[in-house]
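Asker: predicted model, plus sequence, below.
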Amino acid sequence: MKVYFGSRPLDAALAAQKLLPVRALTSAPEEKIFERRAPWADAALKEDRIAFLFRYEIFPETVLRFRGEWQDQGRAMRAGDTIAQEAAMPPVSWGARLVFGARVTEIKRTPREATFSYCTLTSHAETGVNTFGLHLENGDIVARVLSRAEPGNPLMRLAGPVVMAYADWCKKKAVESILSRYLNG
């Protein structure tokens, strides 16, 4: 993880993150579920409305900026892609920036579900697996983030409650953003 003030281009960060391995969980943390739902009558997800999800445009830019491997190669996201992430701490334009990475492990697209999962890399503030998605359930459109995570390194473990509370807040922002983007197409 790198820390600096002020945003920088993420191209070099992406190149560095591609070289890093996934960090395995050292415990079996409980899965957390973050979700928002709204009534939705359609029987299938609208393809034109889910495209943002697979471009990883799910966090407000004040919370997290990113650069995905698929962007550099001019193609769609796929399993194995690396994402360089720049999180703002606190989430304002003048705060510190933490740069770390994740690797896409799975993508699902069905008429009723659109999800992708990633594992965090050794540079990440947390260790774990996160799944971001949209689901049609019982007449609702549901934006959901599933997370099984723990603090990522000794420094993050020292600040564990603060790190994980901030990570949870970011995931809540993600589900709000995912649902809003889908509904407002």
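Answerer: Perfect, I can see it now.
Asker: show me what counts as buried in the worst-scoring helix or strand of the chain on mean pLDDT.
Answerer: Across the helices and strands of the chain, mean pLDDT, DSSP states H and E gives its lowest value to helix 154-158, namely a mean of 78. Within helix 154-158, the residues that count as buried by 16 or more other CB atoms under 10 Å are Met156. Any C-beta I mention is one placed from the backbone N, CA and C, and that applies to glycine too.
Asker: can you give me the strands in this protein?
Answerer: Assigned by DSSP state E, the chain shows strands spanning 2-5, 32-39, 64-68, 82-89, 96-110, 113-120, 126-137, 140-151.
Asker: who wins for proximity to Ile58 among these?
Answerer: Closest to Ile58 of the strands of the chain is strand 126-137 (CB to CB; 5.8 Å).
Asker: mind listing what that closest one pairs with, with the direction of each?
Answerer: Applying DSSP bridges, strand 126-137 is found paired with strand 113-120 (antiparallel), strand 140-151 (antiparallel).
Asker: which residues sit in contact with the residue sitting furthest away from the middle of the chain?
Answerer: Most distant residue from the mean C-alpha position of the chain: Ala41, 27.3 Å away (CA atoms, centre = their mean). By CB atoms under 8 Å, 6 or more residues apart in numbering, Ala41 lies in contact with Gly139.
Asker: look up phi and psi at it.
Answerer: Main-chain dihedrals, Ala41, degrees, to the nearest 10: phi -90, psi -20.
Asker: in terms of pLDDT, where does it sit?
Answerer: Ala41 is assigned a pLDDT of 90 by the prediction.
Asker: any idea how far the least confident helix or strand of the chain is from the chain center?
Answerer: Remark: helix 154-158 is offset 21 Å from the chain centroid, using CA atoms, centre = their mean, to the nearest Å.
Asker: least reliable of the strands of the chain going by mean pLDDT?
Answerer: Looking at the strands of the chain, the weakest mean confidence is strand 2-5, a mean of 81.
Asker: now for it, which elements pack on it?
Answerer: Under the contact criterion of 3 or more CB pairs under 8 Å, 6 or more residues apart in numbering; DSSP states H and E, strand 2-5 touches strand 96-110.
Asker: check which residues of the strand it packs on are buried.
Answerer: 97-105, 107.
Asker: strands paired with it, and their directions?
Answerer: Strand 96-110 has these strand partners (DSSP bridges): strand 2-5 (antiparallel), strand 82-89 (antiparallel), strand 113-120 (antiparallel).
Asker: on that earlier part again, let's see the least confident helix or strand of the chain as CSV, backbone CA atoms only.
Answerer: This file holds the C-alpha atoms of helix 154-158, laid out as CSV (Å, rounded to 0.1, in the frame of the first residue of the first chain):
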residue,chain,number,x,y,z
PRO,A,154,0.1,-5.6,10.8
LEU,A,155,-0.4,-1.9,10.6
MET,A,156,-4.0,-2.3,9.5
ARG,A,157,-4.6,-4.8,12.2
LEU,A,158,-3.5,-2.3,14.8
